[in-house]
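Chemist: Below: sequence and its predicted model.
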Amino acid sequence: MEVKKLSISWQFLIVLVLILQILSALDFDPYRVLGVSRTASQADIKKAYKKLAREWHPDKNKDPGAEDKFIQISKAYEILSNEEKRSHYDHYGDAGESQDYQKQQQREYRFRHFHENFYFDESFFHFPFNSERRDSIDEKYLLHFSHYVNEVVPDSFKKPYLIKITSDWCFSCIHIEPVWKEVVQELEGLGVGIGVVHAGYERRLAHHLGAHSTPSILGIINGKISFFHNAVVRENLRQFVESLLPGNLVEKVTNKNYIRFLSGWQQENKPHVLLFDQGPTVPLLYKLTAFAYKDYLSFGYVYVGLRGVEEMTRQYNINVYAPTILIFKEHINKPADMIQARGLKKQVIEDFITQNKYLLAARLTSQKLFHELCPVKRSHRQRKYCVVLLTAEAPKLSRPFEAFLSFALANTQDTVRFVHVHSGRQQEFARSLLPDSEVFQGKSAVSILERRNTAGRVVYKTLEDPWTGSESDKFILLGYLDQLRKDPALLSSEAVLPDLMDELAPIFLLRWLYSASDYLADCWDGIFHSNWREMMPLLSLIFSALFILFGTVIVQAFSDSNDERESHPPDKEEAPEKVGKTEPSFTKENSRFLPHHLCCPGRPPRRSPSCVRTRVCRVAGSAPEWEMGIQVERP
């Protein structure tokens, strides 16, 4: 009796716990979980998510409930970061399609804990499929479809991503986990993005990526997907990531080409970076840095162990026993900045590169660069003035530009940026800043401007006389800058500047050739490396085209043979036609008709009391056509 009462109490307790869990799941409020209001913007939601994710991540927070809290935070962010799911939740109190996913996770979570309460050791069956332990490595890298589209794809234009497709009950997924963990720790420290897609929960994303089996490993760069097809070992994965990067990111520099390389700043409008190191190959960290900053700097590599680089190492005083990075701007004889350390870390290199992204007096070649060098005024404390030199394009540095460059080099004010514009290429821009174009015809001019909005409105002050680079011109410009710090009203003129033309953009033909080469490379890689599932659309297209082609040829061949057979009747039918000469002659209009008994021998014509109405057939057609013919008098 007591045993029966005890079993009833245990059953009641289990039912009560399940009811409480269901009620807590129904009371799930993503706004309350993230601690944001219902009118919060996406930026506030993302900021709150990152803060809570760092605080409650199971690897950092040892609280027993940290894992459950982290799962709730991830669910809340998944709902609120998607405008469609957020709107559905605001109107109906649930997240729409994600609700099934949440219920499935809750059922699996309860099953795992129910399963562990009975203490079934999975190692007894040699099936280590405890997803709670197995997925702890990949949990912080899990990707959802919205996260992939909105963050991973745009970010892939700055760094490559390595993504693993996994699922439950996957033997191979378990076997590659040690290698995957080791590679992730190494590559993430170098700047490679990492992602994990669970094909069971994110089928839409797995299908979008083209992964039809698990495990699959793929790389994404510039929004382009490439599959990994080799054995899952550390060296192969490292080479795969390196193969994703473009081959012309870093140029090998020696004594023969270093002057040409450093002198390219004028044409490319970029600072040039040189890494001196002892390895014969370019380090992966340096390649990843070059890819991240390819739009701002040009990168070169010097192998100090190669014969023929002694001239450079002596000229720039390089310590060959430690990696050294030099940045050159307008002057190639002396580096603008340098850094030297035995263990260069990713963050150290990025900080160093970020401080030297632009030339001392960069040329405005696009509207994007104009926004970065001359930002819009945000507040009184964030004033940014641009000193613009309007000059003609010349193959060599002119005296006005060299004087302007020396003035920019001596500048110590953080609020002033020096740029120059080729007035011949940006004519409308230069015309907007020059009050009297006849005075400055064929000469250089200097303007000081401040941007007020992104629509092009600026306030500016143009020096009255053309800029020659003389000492008096420098003193006048210096006086204006000193006065501007005290009185911003010095910029009294207003104008609306047109958008700058992109001078470095490739022409249409080159863009088409680049796109065509990328497409052909993708097709070639797909033919030799894709599995049969991935090849099905291409094979279906090829077989459909072949079927239509050969079907059309066969039908046409049969049609031609029938036409020939009907256009050339047998010889035995030609004899009656010759006999037909004794018959009455026909007029020209109905000469194409023959009497019925001539074209159809063996069938006598019908006779009437007055005449013979003969049905005749058309000989000229491909098939006989019966018509009412001529009348023949009875003999």
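Modeler: That came in fine, so what should we check first?
Chemist: Helices of the stretch 1-150 of the chain, start to end?
Modeler: Assigned by DSSP state H, counting those that start in this stretch, the helices in the stretch 1-150 of the chain fall at 2-26, 30-34, 42-56, 66-80, 83-92, 98-117, 131-134, 145-147.
Chemist: what helices or strands is the second one leaning on?
Modeler: Right, helix 30-34. In this structure, helix 30-34 makes packing contacts with helix 42-56, helix 66-80, judged by 3 or more CB pairs under 8 Å, 6 or more residues apart in numbering; DSSP states H and E. All C-beta spots, glycine's among them, are computed from the backbone N, C-alpha and C.
Chemist: center of the protein - which residue?
Modeler: Closest to where the C-alpha atoms of the chain average out (CA atoms, centre = their mean) is residue 223, at 2.5 Å.
Chemist: nearest spatial neighbour of that one, skipping sequence neighbours?
Modeler: residue 153 (5.2 Å; CB to CB, 6 or more residues apart in numbering).
Chemist: and this protein, what are its domains?
Modeler: 27-92, 133-244, 251-356, 367-496 (the TED database).
Chemist: first to last residue in the last one, what's the distance?
Modeler: Using CA to CA, to the nearest Å, the span of domain 367-496 from its first residue to its last is 14 Å.
Chemist: 28 is where my numbering starts, stick with that
Modeler: Yes, from this point I'll number from 28; that puts the last item at domain 394-523.
Chemist: Could I get the buried residue list for stretch 447-458?
Modeler: 447, 448, 449, 450, 452, 453, 456, 457 (16 or more other CB atoms under 10 Å).
Chemist: which phi and psi does the residue nearest to the centre of the chain have?
Modeler: phi 80, psi 0 (degrees, to the nearest 10).
Chemist: could the domains of the chain be laid out in CSV, adding mean pLDDT and distance to residue 585?
Modeler: As requested, the domains of the chain are arranged in CSV below (pLDDT from 0 to 100; distance: least, CB to CB, whole Å):
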stretch, mean pLDDT, distance to residue 585
domain 54-119, 81, 56
domain 160-271, 90, 42
domain 278-383, 92, 60
domain 394-523, 88, 63
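Chemist: Distance to residue 567 added to those, as JSON lines?
Modeler: Shown next, in JSON lines, are those (distance: least, CB to CB, whole Å):
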{"stretch": "domain 54-119", "distance to residue 567": "33"}
{"stretch": "domain 160-271", "distance to residue 567": "15"}
{"stretch": "domain 278-383", "distance to residue 567": "36"}
{"stretch": "domain 394-523", "distance to residue 567": "42"}
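Chemist: how about these, which one is nearest residue 583?
Modeler: domain 160-271 (39.1 Å; CB to CB).
Chemist: sorry, back to before: out of the helices and strands packed on helix 57-61, nearest to residue 342?
Modeler: Taking the helices and strands packed on helix 57-61 one by one with CB to CB, helix 69-83 is closest: 46.6 Å.
Chemist: looking at the helices and strands packed on helix 57-61, which is closest to residue 58?
Modeler: Here helix 93-107 is closest among the helices and strands packed on helix 57-61 (CB to CB), at 7.3 Å.
Chemist: How many neighbouring residues does the residue nearest to residue 250 have?
Modeler: 16 (other CB atoms under 10 Å).
Chemist: Next: the one 4 residues further on.
Modeler: Per other CB under 10 Å, the neighbour tally for residue 184 reads 13.
Chemist: Repeat that for residue 259.
Modeler: With other CB under 10 Å as criterion, residue 259 counts 18.
Chemist: List the contacts of it.
Modeler: Applying CB atoms under 8 Å, 6 or more residues apart in numbering, we find residue 259 in contact with 203, 206, 207, 242, 244.
Chemist: Surely the second one is within a strand?
Modeler: No - under DSSP: H, G, I helix; E, B strand; the rest coil, residue 206 falls outside any strand and is assigned helix.
Chemist: That one contacts residue 264, correct?
Modeler: Yes - judged on CB atoms under 8 Å, residue 206 makes contact with residue 264 at a distance of 7.4 Å.
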